[in-house]
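Enquirer: below are the sequence and a predicted model; questions follow.
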Amino acid sequence: MNGDSQSEPTREELIALVKAQAAEIAVLKARVAELERRLGLDSSNSGKPPSSDGLKKPPRTQSLREPSGKKPGGQKGHKGETLRQVAEPDRVVNHFPSSCAACGATVTPDMSAGHSARQVFDLPEPRPLAVTEHRAHDCVCAACGGHTRASFPDGINAPVQYGPRIAAFVVYLLHYQLLPEDRLAELMADLFAIRLTAATIARMSRNCAARLQDFVATVRGLVAGAAVKHMDETGFRIGGKTQWLHVACTALLTFYRVCARRGSLLADVTGIVVHDHWKPYYTMPGVLHALCNAHHLRELKALIEIEKEDWARKMHRLLRRACHAVNLARERGSPLKPSLIALIERRYDAFVAEGLAFHQAQSPLRPDAAPQGCRRRGRKARRTGHNLLLRFANRRQDVLRFLADPNVPFTNNQAERDGRMMKVKQKVSGCFRSLDGAMDFAVIRSFISTAKKQGWNVIQALTQDAQIQMSALRIS
């Protein structure tokens, strides 16, 4: 028997081979398309952080604001921050001419007929620390001869210690300006001739966090009960392990907390929660939801630039124009007209229907090959644009909640901004060595962020009684 004839495949075997190769090619094409899509994503069209763009950072050419027709820069009537002369300077230096410019005769200060003034604003000369000695006197009673000693004020606990202003300055630089401990100690030595050790800095931080616990607990309750609040979360490295920092905030309040699990959400929350569509937020009982449309605009931008889907271009333009209309209405102090809201909703529904029809007409995605004899579980694979359309359809009210409620913002940028500096802290310091240090940081940062939003002077606020500041909190 001829060996070559035995090795030749049959027609049925060739057909099966072609089908198998076609299926494999389809899977590889889908894989290549997915990898090319990932290469096309950056911080402008996805949730990737700007730091991941590297040297290929895309130029920012778009804004959520529509053109206003005004010239760039400060507008007429805008209150500027120009440095202005003061009526009572701290120090005056007089300058007189030595001789007459016309004839050369000697000129004396008594001949002055007026002057022109120029003022220089500068820091004062560094001064040594002000040392205050507290003396608790022993008094002898004239009636019975008993000895009585006065008590030292609260906080005066050692023969020698640093005062509250130094501690406030250290905490501010450490937890708000995010200086590492070594550089902070160097700065204090250079500016104030104060020699601080790492242990002293850590003790100041712990004492401050302990003093602010009640204040931060009050802020937590106010944020949880606010009509509209923003929520977000980010990974936090503590002791070499990934944990999570959760932020819940409003325009006037900020609350941070450290959790071992990402899904450990804030309890006892009411009102409206603005978030980025992370699904566990929908497990929170008794709340309404508003989705971040900045995320939606980035996702739509990727569909426009990479997949070239026309419905995405129309939806992108609609959401931007809706945002502009709401901003104009808010500036006028009036709600959006019901007829305009209805028009936006009709167009929204039409674009969602157009996109769904487009994706339903596409050939289904071929899933990766499963092992022989096994059946793939889970939902069928869908394209990125199809998933976004289903979100638009199923969460329509949450996407468009900003139209009818002027208190609901278009984006979740408030939480994004409040959480951004936490990532900077990690980049500066790497990670926290202990959970206690991370929790102290969350407490102090909650206080400082809230103080900034309240318009308080941070250094003064850190030296004052937290109980008094709790009563001064504004929530709207």
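Expert: Thanks, I have it. Numbering: from 1, shown residues only.
Enquirer: can you list contacts of stretch 278-288?
Expert: 231, 233, 262-263, 265, 269-273, 275, 289, 398, 401 (CB atoms under 8 Å, 6 or more residues apart in numbering). Every residue, glycine included, has its C-beta placed from N, CA and C.
Enquirer: in those, find the pair that's most separated.
Expert: R262 and R401 (24.6 Å; CB to CB).
Enquirer: between these two, which one's more packed in?
Expert: Using other CB atoms under 10 Å, the more surrounded residue of R262 and R401 is R401, with 22 against 15.
Enquirer: which ones are touching that one?
Expert: The contact partners of R401, by CB under 8 Å, 6+ apart, come to I272, L288, H289, A290, L291, V408.
Enquirer: swap the cut-off to 10 Å and go again
Expert: By CB atoms under 10 Å, 6 or more residues apart in numbering, the contact set of R401 is 228, 272, 274, 288-291, 293, 395, 407-410.
Enquirer: closest to L196 out of those residues?
Expert: V274 (40.9 Å).
Enquirer: what helix or strand is V258 on?
Expert: Here V258, judged by DSSP states H and E, is contained in strand 254-259.
Enquirer: okay, now the sheet partners of that strand, with direction.
Expert: strand 241-249 (antiparallel) (DSSP bridges).
Enquirer: mind listing the helices for the stretch 1-150 of the chain?
Expert: Under the criterion DSSP state H, counting those that start in this stretch, the stretch 1-150 of the chain contains helices at 3-7, 11-40.
Enquirer: out of the ones you listed, which is the most enclosed?
Expert: helix 11-40 (a mean of 11; mean count of other CB atoms under 10 Å).
Enquirer: same question for that one, mean pLDDT?
Expert: Throughout helix 11-40, pLDDT has a mean value of 81.
Enquirer: residue numbering should commence at 19 henceforth.
Expert: Okay, using 19 as the starting number, the last item reads as helix 29-58.
Enquirer: off-centre distance for that helix?
Expert: Centre-to-centre, helix 29-58 and its host chain are 43 Å apart (CA atoms, centre = their mean, to the nearest Å).
Enquirer: now the helices of the stretch 19-168 of the chain in a markdown table, with distance to C341?
Expert: Converted to a markdown table, these look like this (distance: least, CB to CB, whole Å):
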| stretch | distance to C341 |
| --- | --- |
| helix 21-25 | 68 |
| helix 29-58 | 25 |
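Enquirer: nearest to A185, out of those?
Expert: helix 29-58 (48.4 Å).
Enquirer: which ones are touching H334?
Expert: Q80, H314, L315, R316, E317, L318, K319, L321, I322, F369.
Enquirer: isn't the last one up against G403?
Expert: No: assessed by CB atoms under 10 Å, F369 is found out of contact with G403, at 11.9 Å.
Enquirer: and the contacts of stretch 296-306, which of them are in strands?
Expert: If you go by DSSP state E, the contacts of stretch 296-306 have M249, E251, G289, I290, V291, H293, H307 in strands.
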